[in-house]
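> pasting the sequence and the predicted model now:
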Amino acid sequence: MPATLFQKVWDAHAVRTLPSGQTQLFVGLHLVHEVTTPQAFDMMRQQGWRVAFPERTFATVDHIVPTSSQRRPFLDLMAEEMTTALERNCREAGIRLWAPDNDNQGIVHVIGPELGLTQPGMTIACGDSHTSTHGALGAIAFGIGTSQVRDVLASQCLALDPLNVRRIDISGRLNRGVYAKDVILTIIRRLGVQGGVGFAYEYGGSTIDAMTIDERMTICNMSIEGGARIGYVNPDDTTYAFLRGRRFSPAGDAFDRAVAWWRQMASDTSATYADRVTFDATAIEPTVTWGINPGQSVAVSEPIDGDPDDEAFAFMGFRPGQRVRGTRIDVAFIGSCTNGRLSDLEDAAHVVRGHHVAPHVKALVVPGSQAVRRAAEARGLHDVFIEAGFEWRGAGCSMCLGMNQDRLEGRQVSASSSNRNFKGRQGSPTGRTLLMSPAMVAAAAIAGEVVDVREMLEAVPA
Amino acid sequence: MPLRGDELDTDRIMPARFLRAVSFDGLERHLFEDDRAADPGHAFNDPRYAGASILVVNANFGCGSSREHAPQGLVRAGIRAIVGESFSEIFQGNAAMLGLPCFVASHEAVERLQTLIETTPDVAIAADVTSGAITAGTMRIAATLPAALRDGFVSGQWNPTLMLLDRYDEVRAVADRLPYMNWVIG
Ligand code: SF4
């Protein structure tokens, strides 16, 4: 019977049907970070349980770590306490941890693929909703809560109900100045922030086929913002080329055997889907959010329409029919697990080169991992940003959620390459977030207001 | 207690700065902290609802971050059941793990229930996990729980860890069949 990748992965990892009717699913890779795990390790200790498969769990610190100076002990005492707790928990359990002073530290969803831990056909769980990112490599990856982190530590399994699969086909070439971020914002705008509840999103079509793994990660990352706990792209030659030679990828003959297995895990061409939708990539424009959820967005050239959400208009200070373009910004943030990878920094640097950040704007670039930071520095991108007046930071989540010192103040407006524009998300209860692509953030930083990046790109060779 | 509004995400229920802790203790003090500061009339500020154990919400409650701090805060504040139009899956699962059932009812039924509580704050409300019935005074509305969660609550076995630990040999067998289990080198 033809099947989707989701079904094949589910079947390969199903241990049994539980008395509750749910499936006991084996978790191939478990990723942990400092914020959603200390309580899980405590529950394990209270019960006297041992970690069942310590070699299948990997840890890093990302959410709370400072990105200005990462020297230990951190000046932020809570950041230090949470990091120390994770270090102790990992040491006791025999779990590998990449701490802030390690070359491999970074945002959990950036380092998993970077190290080759994330592979096609795996089940991946992490106490973080953006775990959907890893689906870009053909894994079935989803966020879990702290009690489920405890379950995975104790048993390497979860009790879950299966999802339906919705196939989302995107075809055609993206126009210049239009990026993966614009594609996913457009998808969420059309299907809604709850549209994906009960579904895994399978992305395909010629646009996705032509995308790099980084771009596919941006798309899968924000599946959860559309209500879908899982988003994935079937593995293909782009995936295998990405994985070859990575630290945890199989090597030599094992790599070829792996590719053969990965290939047959991909959805069959005749697989059936619970639902199908299509998008025309050529019609997608640079997109910005204007409201307080990621579905409230418009093309930068358009007036705000649709959603008659008084609360969003009141909070953001926009009126129906107004344009986001021209909105003065206070902060520009380039980073996060959505858009904090090398190619994102390259896209932004391309716009920034030869310009200067507007005097009233605080602009930060926060690489998604130490490896991204090193690679960017090797290409001289840090000089481009620093000369233009951006701050060049250490790796972490930073202003994506404002858990460390990097936060909005008061009603500041932020142009942000992150994934959530919820009220209070960037650390100030009244702070306002406009989500957009890294290139659009770079353009806004320079102009001091939201602009159409296509106009700036006209001056730059392609 | 009625709490109106769609898309109340977990950043609103429990702002990220309160995740800066290694324990869940005391989280109940920070529930909806920013919303409460901005709106003195917020349900969680309203003395008429003090001590409420059933929360009545609208659509897509608990969307956004997977943080269990959100349902942990609600449970620690004495909330024992939530009735709503819809919930994010991660939130509903996290809540179930803590023994907090999230009942799903129609938009119209939820609105009626919210209005009833607003006009008669001392009405007694009961939620029955077996039948899914919610009763409030003489009003009776139909609600549902996902079957697996319902059975778990009815049998008192909603915490699956022990079930998951039950058949270790079968877990090992699945692990041994998965080709990638032998690839990890690093
Ligand atoms: S970058 Fe933002 S969304 Fe990604 S893991 Fe960190 S806090 Fe979560």
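That came through fine.

> contact partners for the closest residue to the ligand within chain B?
Across chain B, the shortest distance to the ligand (CB to the nearest ligand atom) belongs to B:S65, at 7.2 Å. Where you see a C-beta, it was placed from the backbone N, CA and C, and this is true even at glycine. The contact partners of B:S65, by CB atoms under 8 Å, 6 or more residues apart in numbering or on different chains, come to A:D128, A:S129, A:L401, A:R420, B:D9, B:T10, B:D11, B:A16.

> my read: the second one touches B:C63, true?
No. A:S129 lies out of contact with B:C63 (CB atoms under 8 Å); the separation is 9.2 Å.

> avg pLDDT for stretch A:238-258?
For stretch A:238-258, mean pLDDT is 96.

> chain center to that stretch: distance?
23 Å (CA atoms, centre = their mean, to the nearest Å).

> go through that stretch and flag the buried ones.
Of all the residues in stretch A:238-258, those buried under the rule 16 or more other CB atoms under 10 Å in any protein chain shown are A:T238, A:T239, A:Y240, A:F242, A:L243, A:R246, A:F248, A:S249, A:P250, A:F255, A:A258.

> contacts for that stretch next, please.
Stretch A:238-258 has contacts (CB under 8 Å, 6+ apart) with A:113-117, A:119-120, A:137-138, A:209, A:211-213, A:233, A:259, A:262, B:179-180, B:183-186.

> how about 10 Å then?
A:29, A:58, A:104, A:112-121, A:136-138, A:208-216, A:233, A:235, A:259, A:261-263, A:266, B:179-180, B:182-186 (CB atoms under 10 Å, 6 or more residues apart in numbering or on different chains).

> neighbours of whichever residue of the stretch 1-150 of chain A sits closest to the ligand, how many?
Of all residues in the stretch 1-150 of chain A, A:H130 sits closest to the ligand, at 4.5 Å by CB to the nearest ligand atom. By other CB atoms under 10 Å in any protein chain shown, 29 other residues sit near A:H130.

> am I right that it is in contact with A:I124?
No. Using CB atoms under 10 Å, A:H130 is not in contact with A:I124; the gap is 11.7 Å.

> next, show the common contact partners of those two.
Common neighbours of A:H130 and A:I124 (CB under 10 Å, 6+ apart) are A:H109, A:A141.

> give me every residue that touches residue 2.
Using chain A here. A:S267, A:D268, A:T269, A:S270, A:A271, A:T272.

> let's do chain B instead
B:43, B:46, B:49, B:52, B:54-58, B:83, B:110-111, B:113-118, B:121.

> does chain B sit close to stretch A:260-280?
Yes. Interface with chain B: stretch A:260-280 contributes A:A260, A:W261, A:W262 (CB under 10 Å from any CB of the partner chain).

> buried ones in that stretch, by neighbour count?
For stretch A:260-280, by 16+ other CB under 10 Å, it's A:W261, A:W262, A:R263, A:M265, A:A266, A:S267, A:A271, A:Y273, A:F279.

> endpoints of that stretch, how far apart?
Here the two ends of stretch A:260-280 are set 32 Å apart, with distance taken as CA to CA, to the nearest Å.

> re the thing from before, from the contacts of A:P2, which two are the most distant?
Within the contacts of A:P2, A:T269 and A:T272 form the most distant pair, 11.1 Å apart (CB to CB).

> in JSON lines, list the residues of stretch A:260-280 next to chain B along with distance to A:G317 and secondary structure.
Below are these laid out as JSON lines (distance: CB to CB, whole Å; DSSP: H, G, I helix; E, B strand; the rest coil):
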{"residue": "A:A260", "distance to A:G317": "56", "secondary structure": "helix"}
{"residue": "A:W261", "distance to A:G317": "53", "secondary structure": "helix"}
{"residue": "A:W262", "distance to A:G317": "49", "secondary structure": "helix"}
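
> narrow the buried residues of stretch A:260-280 to those in strands?
A:F279 (DSSP state E).

> among the contacts of B:P2, name the buried ones.
B:43, B:46, B:49, B:52, B:54-58, B:83, B:110-111, B:113-114, B:116-118.
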